[in-house]
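Undergrad: quick one: sequence plus predicted model below, questions after.
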Amino acid sequence: MFALEHPAIFGCDTIADVGRKIKKTKDKSFMNYSIPKAIAHAKAWYHTTKESGQLPYAIILGFSIYTPFEDFILKLTLMPKPVLTLLGLVPELALYILMGKVFYDRIQAGKKIRITPIDPLVIALFISITISIIINKASLPGSIKNIRAVWRYLAVYYTVANIDISIPQLQQILNVVRISGLIQALVASLQFFLPSQVSQILFAPKGSNAAQGALEHKGANFGTFGDNAILAGFLLVITIVWLVYVLGPSPFVYNVKDAASMLAIYFGIFASKKRATLMFLLIVPLIILIYFKRFQAVLKILWSVLALGLIASFLLPLLNFETSYVGGKFSGSEESFDITSYFLTIFSAEYWQHTAEASRGWMIITICRSIVMSGSIFGFGPELGSVRKKIQQLLTEPEDQVLLENNLFVYEDPYWFGVLGFIGFPGLLLYWMILLRIFQYANVLIRMTSSQEYKNLGVIVKTLTQVAFFYGFIERIFKLRPFAFYFWLLAGLAVNAYYVERKKRLTGT
């Protein structure tokens with residue numbers, strides 16, 4: 001009922017016609033909205049969108065709403081874990097089918113499938129991956145599973161790039177992105193004040209790190225996802241989209257709702273306890289302002305941050321500031337989790353020494369050394385079992401063997417180094433070139449368009465691609481499903497907008 005009375009949520013320009021095709025009922029109450037009526041309305045909506053050619057867009061918009069809350073929705077089904085795993089594959093298969101249908105419809109209509117800037121690079125990358133599998137005799141099922149986890153939402157990119165999307169529809173998608181992120185941030189903020197056991201019962205997906213209590217020791221919150229890393233990566237995208245709309249208009253107009261929303265999102269990221277994400281998001285506003293060529297605002301922010309930093313450096317020692325938190329409540333006990341120390345530890349020499357000797361730093365050094373020692377240009381195969389076996393053969397010290405076993409779980413945390421171990425230098429360079437081409441096309445879109453919406457989209461994709469590249473050195477960013485979905489969705493929208501602008505130039509309209 002909500003969708004039909006608010007057709008803009010499904011985003012089809014022609015859905016306004018649905019109201020004239022559906023018999024109106026006098027009683028609009030939810031209780032009188034029967035299942036047969038809902039089915040009838042859904043069928044009418046489906047036929048209308050299909051006839052108007054807007055069904056692929058409506059499905060993509062539906063997935064944009066569903067994906068951030070997929071884990072929570074599946075949790076509500078109360079199904080066992082194996083069934084939930086199978087249900088989780090359904091949206092992915094639907095996206096592959098949708099992409100094939102879009103391609104088929106274009107060919108049937110006598111239209112060419114649109115060429116995108118990354119096509120040759122994607123083909124070259126998959127050839128490189130195939131070579132790595134063959135050379136290293138890597139497990140084919142394991143390799144396919146690993147590749148799928150990274151590239152599953154490439155189908156979204158190609159689908160979006162090949163359908164017609166108007167500027168109002170683009171606005172609808174971006175509004176969905178912003179609202180979804182705000183909801184997740186508010187849930188994470190709520191969890192910050194709830195006991196961890198309550199948060200697990202209410203929100204944690206079955207079998208996830210959050211459900212198993214793996215995040216309790218540092219009081220990290222997770223939204224409706226299974227891990228705080230997923231929440232932080234998702235809110236990274238959301239923050240960029242929000243900031244572009246907040247900082248983009250010139251002259252800047254202060255808006256209380258936007259300020260409150262941004263505060264909620266930043267607090268949600270803080271509640272995730274992901275230090276690197278929070279540090280990145282302190283830099284993102286500067287990047288966006290530079291792309292909008294608002295250099296005076298950049299200088300003002302830099303001066304403000306410098307002033308606040310100096311004030312804090314003087315005041316904090318005097319105040320002996322310490323904030324502790326445990327189990328959803330603030331506490332002064334020694335067993336509680338010290339938030340201040342947790343965030344400031346990253347600047348200590350002990351933290352970096354531990355990282356270099358055991359953890360991510362050791363893994364980075366081991367991967368690079370193993371690639372050089374083995375001379376394996378194409379890596380050790382795109383699955384963890386093959387990589388583990390190859391590196392074990394190269395490690396001569398028993399202590400190193402133990403460290404490998406103990407730290408294998410962080411292998412992909414420094415993601416780009418993990419990719420280097422999987423598919424070698426050619427694969428890593430091709431991956432980076434794909435990001436570079438997306439960045440370049442977003443830049444072309446900004447220069448060629450007079451539409452503020454398209455300029456905003458270009459800045460969003462430029463900023464997101466740049467942040468994703470650097471964030472990939474410390475987090476398995478493209479394996480975080482919500483991040484990957486929205487990244488490829490926004491990249492596809494940028495290519496779609498480029499074709500719209502190119503058509504305008506060719507036709508002179």
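TA: Now that the structure is in, tell me what you want to look at.

Undergrad: alpha carbons only for contacts and neighbour counts from here, please
TA: OK.

Undergrad: next SSE after whichever strand or helix holds residue 406?
TA: Residue 406 belongs to helix 398-407 when elements are defined using DSSP states H and E. Using DSSP H and E, the helix or strand that follows helix 398-407 in sequence is helix 415-448.

Undergrad: who does that following helix touch, helix- and strand-wise?
TA: helix 119-136, helix 360-374, helix 384-394, helix 452-471, helix 481-507 (3 or more C-alpha pairs under 8 Å, 6 or more residues apart in numbering; DSSP states H and E).

Undergrad: try 6 Å
TA: helix 119-136, helix 452-471 (3 or more C-alpha pairs under 6 Å, 6 or more residues apart in numbering; DSSP states H and E).

Undergrad: coming back round to it: can you give me the angle the helix holding residue 406 makes with helix 384-394?
TA: 170 degrees (axes from the mean of the first three to the mean of the last three C-alpha atoms, to 10 degrees).

Undergrad: which residues touch helix 398-407?
TA: residue 359 (C-alpha atoms under 6 Å, 6 or more residues apart in numbering).

Undergrad: so it versus helix 360-374, what angle?
TA: 120 degrees.

Undergrad: mind exporting helix 398-407 as CSV, just the C-alpha atoms?
TA: C-alpha atoms of helix 398-407 as CSV (Å, rounded to 0.1, in the frame of the first residue of the first chain):
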residue,chain,number,x,y,z
PRO,A,398,59.3,-22.7,12.5
GLU,A,399,58.4,-19.4,14.2
ASP,A,400,57.3,-18.0,10.8
GLN,A,401,55.2,-21.1,10.2
VAL,A,402,53.4,-20.5,13.5
LEU,A,403,52.9,-16.8,12.7
LEU,A,404,51.4,-17.7,9.3
GLU,A,405,48.8,-20.0,10.9
ASN,A,406,48.0,-17.5,13.6
ASN,A,407,47.7,-14.6,11.2
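
Undergrad: quick one: it to chain centroid distance?
TA: A distance of 32 Å separates the centroid of the chain from that of helix 398-407, by C-alpha atoms, centre = their mean, to the nearest Å.

Undergrad: export the helices and strands packed on helix 415-448 as CSV, with columns for distance to residue 192.
TA: As requested, the helices and strands packed on helix 415-448 are exported to CSV (distance: least, C-alpha to C-alpha, whole Å):
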stretch, distance to residue 192
helix 119-136, 41
helix 452-471, 25
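
Undergrad: buried deepest among those, which one?
TA: helix 452-471 (a mean of 22; mean count of other C-alpha atoms under 10 Å).

Undergrad: in the helix holding residue 406, what's buried?
TA: residue 404 (16 or more other C-alpha atoms under 10 Å).

Undergrad: which ones are touching the closest residue to residue 157 other than its chain neighbours?
TA: Distance criterion C-alpha to C-alpha, 6 or more residues apart in numbering; nearest residue to residue 157, sequence neighbours excluded, is residue 492 at 4.3 Å. In this structure, residue 492 makes contact with 157, 160, 161, judged by C-alpha under 6 Å, 6+ apart.

Undergrad: also residue 160?
TA: Contacts of residue 160 by C-alpha under 6 Å, 6+ apart are residue 492.

Undergrad: may I have the host helix or strand of it as CSV, with CA atoms only?
TA: Element membership for residue 160, per DSSP H and E: helix 154-161. C-alpha atoms of helix 154-161 as CSV (Å, rounded to 0.1, in the frame of the first residue of the first chain):
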residue,chain,number,x,y,z
LEU,A,154,29.7,-6.2,-11.5
ALA,A,155,26.3,-7.3,-12.9
VAL,A,156,24.7,-4.2,-11.3
TYR,A,157,27.3,-2.0,-13.0
TYR,A,158,26.5,-3.4,-16.5
THR,A,159,22.8,-3.4,-15.9
VAL,A,160,22.7,0.2,-14.8
ALA,A,161,25.0,1.3,-17.6
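
Undergrad: next secondary structure after it?
TA: helix 167-193.

Undergrad: how about that following helix: buried residues?
TA: Per 16+ other C-alpha under 10 Å, helix 167-193 contains these buried residues: 169-170, 172-174, 176-193.

Undergrad: now the angle between helix 481-507 and it, please.
TA: 160 degrees.

Undergrad: helix 167-193 - what's its average pLDDT?
TA: Taken as a whole, helix 167-193 carries a mean pLDDT of 95.

Undergrad: quick one: what helix or strand has the closest residue to residue 246 other than its chain neighbours in it?
TA: Nearest residue to residue 246, sequence neighbours excluded (C-alpha to C-alpha, 6+ apart): residue 258, at 6.7 Å. Element membership of residue 258, judged by DSSP H and E, is helix 256-272.

Undergrad: tell me which residues in that helix are buried?
TA: 261, 262, 264, 265, 266, 267, 268, 269, 270, 271, 272.

Undergrad: contacts for it?
TA: With C-alpha under 6 Å, 6+ apart as the criterion, helix 256-272 contacts 185, 188, 189, 220, 221, 228, 232.

Undergrad: distance-wise, check the second one relative to residue 131.
TA: When you say that, I think you mean residue 188. Distance of residue 188 to residue 131, given as C-alpha to C-alpha, to the nearest Å: 43 Å.

Undergrad: rewinding a little: just send the helices and strands packed on helix 415-448 back as JSON lines, with distance to residue 361 and mean pLDDT too.
TA: Shown next, in JSON lines, are the helices and strands packed on helix 415-448 (distance: least, C-alpha to C-alpha, whole Å; pLDDT from 0 to 100):
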{"stretch": "helix 119-136", "distance to residue 361": "25", "mean pLDDT": "97"}
{"stretch": "helix 452-471", "distance to residue 361": "15", "mean pLDDT": "96"}
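
Undergrad: for residue 63, find the nearest of these.
TA: helix 452-471 (19.3 Å; C-alpha to C-alpha).

Undergrad: specify the angle between the closest one and helix 167-193 in degrees.
TA: Going by the same axes, to 10 degrees, helix 452-471 makes 40 degrees with helix 167-193.

Undergrad: tell me what helix 452-471 is packed against?
TA: helix 415-448.

Undergrad: quick one: distance of the helix it packs on to the chain centre.
TA: With C-alpha atoms, centre = their mean as the basis, helix 415-448 stands 16 Å off its chain's centre.

Undergrad: what mean pLDDT does it get?
TA: Here the average pLDDT along helix 415-448 is 96.

Undergrad: buried ones in stretch 368-380?
TA: 370, 371, 376, 377, 378, 379, 380.
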